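Engineer: Give me a 3D structure for the following:
(one chain, ligands or ions: 2)
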Amino acid sequence: MNPNAAEAAIDRVVAEIERMGSHAHLSRGQFRTVIGAVGEEGQVDQNHLASLDGVEKVVPIMKPYKLASREFHEDDSIVEIGGGSVPKVKVGGPHAMCIAGPCAVENPQMLRKIAGLVRDGGATVLRGGAFKPRTSPYSFQGHGEEALKWMRATGDELGMPICTEVMDTRQVELIERYTDAFQIGARNMQNFDLLREVGKTRKPVVLKRGLAATVKDWLLSAEYVLSQGNRGVILCERGIKTFEDSIRYTLDITSIPVAKQWSHLPIIVDPSHAAGKRDYVPAIAAAGIAAGAHGIIVEVHYCPSEAQCDGPQALLPETFKELMVQLRQIAAVFKKEFAEIDQPVAV
Ligand code: PEP
Ligand code: MN
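Structural biologist: Ligands and ions are numbered 1, 2, ... in the order given. From the prediction side, this is the model:
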């Protein structure tokens, strides 16, 4: 729409798009409103739309992902996690976010201790798995709803929003009641029913890149969530399968500038699952921020040898704290800032 197009003109265009059988998605930027018409290509009469009051131009978006594309939303999107019982934390644009915590929630004491330590080290969002996708059905699968309760109580006590993985459509309603953000794991990036289901909620979604997914596949998965009206998608590069076997996965640094050029969505990196080994985590995290990522999600444990899951890749709390000092410096070079919590709490 023209800058300063009247609300009535915007409403008219929305009504015309819906009348033609497409869905209208509004994106209000600083200067102008863009109206996305998503549907079958032949449905939209472009000449008719171009003739309506207030319309500046009609641009077909050639990319298969429409709402995720930069053409639809020129500025970086800013997504907020939290609100209600915990503060809101922003990610995207100039806002960098650090999500940290254990791989799996093992018991309330351990969770509270790690949460206090990562909060002290500079994390603003707490991670932890209640439902774990394990390669073997005989490995620890997570404590389920009990763990969600411990997560909620810990997040509320420390003023930290929480983020936890959802693996199945049947868990969405339950997890939504407790969490501030959903995590979609790498193995579920193309579980389209699950993407649609979290898309129907209004809680942000951390969408991990699939182990063998291209950036285009990944953005199409984001599109599933966005198409249901949930604007809160945060991309997460966590490493892909390559022929290299010296490391668990190869963190694809290049996907960060590519995804940022093609999409407006915030993007964070997960150095823990890429590395598989704590020695490599800090360097990969630093590289991710230097490549333009809007933050990290990282696993931390005070006693990794006792962890029920992913112990070898968990950072020790001291290393995590040192890493955050370095990441803040790198982020500053790229005009981004990690939020800080200033009130100390007992660790
Ligand atoms: C996790 O975050 O603990 C996890 C299982 O991640 P991914 O889906 O990236 O393997
Ligand atoms: Mn893990």
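Engineer: Run through this structure and note the low-pLDDT ranges.
Structural biologist: 346-347 (pLDDT under 70).
Engineer: ok and the residue in it nearest ligand 1?
Structural biologist: Gly185 (3.0 Å; Cβ to the nearest ligand atom). (Glycine included, C-beta is placed from N, CA and C.)
Engineer: Number of residues surrounding that residue?
Structural biologist: Neighbour count of Gly185, defined by other Cβ atoms under 10 Å: 22.
Engineer: ok, it to Leu315 distance?
Structural biologist: 20 Å (Cβ to Cβ, to the nearest Å).
Engineer: And Cys163, by the same measure?
Structural biologist: Taking Cβ to Cβ, one finds Cys163 at 17 Å from Leu315.
Engineer: Kindly report the same for Ile234.
Structural biologist: 21 Å.
Engineer: Kindly report the same for Glu80.
Structural biologist: 26 Å.
Engineer: which one of the two has more residues nearby?
Structural biologist: The residue with more neighbours, out of Glu80 and Leu315, is Leu315; 26 against 18, by other Cβ under 10 Å.
Engineer: Check whether the more buried one really touches Ile284, as I assumed.
Structural biologist: No - Leu315 is beyond contact range of Ile284, at 11.4 Å (criterion: Cβ atoms under 8 Å).
Engineer: what about stretch 247-260, start to end distance?
Structural biologist: 25 Å (Cα to Cα, to the nearest Å).
Engineer: Arg127 reaches Pro161, doesn't it?
Structural biologist: No - taking contacts as Cβ under 8 Å, Arg127 lies outside contact range of Pro161: 10.2 Å.
Engineer: more neighbours, those two?
Structural biologist: The neighbour comparison of Arg127 against Pro161 (other Cβ under 10 Å) goes to Arg127, with 30 against 25.
Engineer: Tell me the bridge partners for that one.
Structural biologist: Legend: beta-bridge partners of Arg127 under DSSP bridges are Cys163.
Engineer: Tell me who's in contact with it.
Structural biologist: Contact partners of Arg127, counting by Cβ atoms under 8 Å, 6 or more residues apart in numbering, are Ile99, Ala100, Gly101, Pro102, Ile162, Cys163, Thr164, Gln183, Ile297, Glu299.
Engineer: can we see that at 10 Å?
Structural biologist: Residues in contact with Arg127 (Cβ atoms under 10 Å, 6 or more residues apart in numbering) are 98-103, 105, 114-115, 118, 151, 160, 162-165, 181, 183, 206, 270, 272, 297-300.
Engineer: thinking again about what came up before, now list whatever residues contact both of Arg127 and Pro161.
Structural biologist: Ile99, Ala181.
Engineer: And the strands in the stretch 51-200 of the chain, which stretches?
Structural biologist: 79-83, 86-91, 95-101, 125-127, 162-165, 181-184 (DSSP state E, counting those that start in this stretch).
Engineer: Redo these as JSON lines? Include distance to Ala8.
Structural biologist: JSON lines is the format used below for the strands of the stretch 51-200 of the chain (distance: least, Cβ to Cβ, whole Å):
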{"stretch": "strand 79-83", "distance to Ala8": "30"}
{"stretch": "strand 86-91", "distance to Ala8": "32"}
{"stretch": "strand 95-101", "distance to Ala8": "34"}
{"stretch": "strand 125-127", "distance to Ala8": "41"}
{"stretch": "strand 162-165", "distance to Ala8": "40"}
{"stretch": "strand 181-184", "distance to Ala8": "36"}
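Engineer: Give the residues shared as contacts by Leu315 and Ile284.
Structural biologist: Going by Cβ under 10 Å, 6+ apart, residues that sit against Leu315 and also against Ile284 are Pro271, Ser272, Ala275, Val298.
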